[in-house]
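Chemist: Pasting a predicted model and its sequence here:
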Amino acid sequence: MAGADSPSAALQRRDLCARGIRLAGKMRADVVDLLEAYAERQGLDASASVAAVEGVPAAAVERWDEQTGTQRLVENLAAYRAFRALLAQMLEEHREQLGEADAALGRALAAVLLQVSAFAYHLEELLRLESRGPPAEEEEEDEEEEEEADGPPPQPLGLFEQKLRGLGVLRELAQWAVRSARDLRQLAKPSPGSGSAPSLAESP
């Protein structure tokens, strides 16, 4: 990772992290607004207890401060790839159930889906800069298919369960946006002895 330690690469990494932090902040604000609208339109309590969303890594992690920059990026990328698929499924279900009856919620879901996709691409750029290519989605999908083949097929969810899952997806996405900003601030810190300018994490 010599290239990642060069002054130009360090500068580029900080620039990408700064943009990523802004994207994560905007995404969290939009997800919080969407979460409130979603709960209201679906007749749910926004604070209702929901089961963990299958396929999404939990935003909370033990020994967070011991993770390497690459570990942070890989976990973030896995989470946002999962969110991308889940939000696309939510959008499809919404259109099937309501059609144009609630176009505003559909547009809000589609807008957040676009932000998640853009953020995943941003994370891939950072991973490439760290001299490690992003994990191939094809390999991850193959592994998931093998795991699914070993067990019984998933049972289709009822309408109420779909609503609760959607609530859980949005709630976990909001938590991930907070974690992502924190991870990127940590990644933007200069390496020890690099003599770089103060990092984003140290800036007000």
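Modeler: Sure thing, it's come through.
Chemist: looking at this structure, which helix or strand is least sure?
Modeler: Using mean pLDDT, DSSP states H and E, helix 137-150 stands out as the lowest-scoring helix or strand of the chain, at a mean of 47.
Chemist: Next secondary structure after that helix?
Modeler: helix 159-187 (DSSP states H and E).
Chemist: Give me the helices and strands touching the biggest helix by length in the chain, please.
Modeler: Secondary structure of the chain per DSSP state H: the longest helix is helix 7-41. Here helix 7-41 touches helix 103-129, helix 159-187, going by 3 or more CB pairs under 8 Å, 6 or more residues apart in numbering; DSSP states H and E. Heads up, the C-betas are built off the backbone N, CA and C, glycines and all.
Chemist: what angle sits between it and helix 103-129?
Modeler: 160 degrees (axes from the mean of the first three to the mean of the last three CA atoms, to 10 degrees).
Chemist: Could you say which helix or strand holds the residue sitting nearest the centre point of the chain?
Modeler: Closest to where the C-alpha atoms of the chain average out (CA atoms, centre = their mean) is residue 80, at 3.2 Å. When elements are assigned from DSSP H and E, residue 80 belongs to helix 69-98.
Chemist: in that helix, what counts as buried?
Modeler: Neighbour-count burial for helix 69-98, counted by 16 or more other CB atoms under 10 Å, picks out 69-70, 72-87, 90-91, 93-94.
Chemist: Now the longest helix of the chain: buried residues?
Modeler: For helix 7-41, the neighbour count (16+ other CB under 10 Å) marks 9-10, 13-14, 16-18, 20-21, 23-24, 27-28, 30-32, 34-35, 37-39 as buried.
Chemist: relative orientation of that helix and helix 69-98 in degrees?
Modeler: 30 degrees.
Chemist: where does helix 7-41 sit relative to the chain's centre, distance-wise?
Modeler: 9 Å (CA atoms, centre = their mean, to the nearest Å).
Chemist: Could you pull up the mean pLDDT of that helix?
Modeler: Helix 7-41 comes out with an average pLDDT of 92.
Chemist: One more: stretch 116-124?
Modeler: On average, the pLDDT along stretch 116-124 is 96.
Chemist: Can you tell me what sits against it?
Modeler: With CB atoms under 8 Å, 6 or more residues apart in numbering as the test, stretch 116-124 has contacts from 16, 19-20, 23-24, 27, 73, 76-77, 80-81, 83-84, 87, 134, 173, 180.
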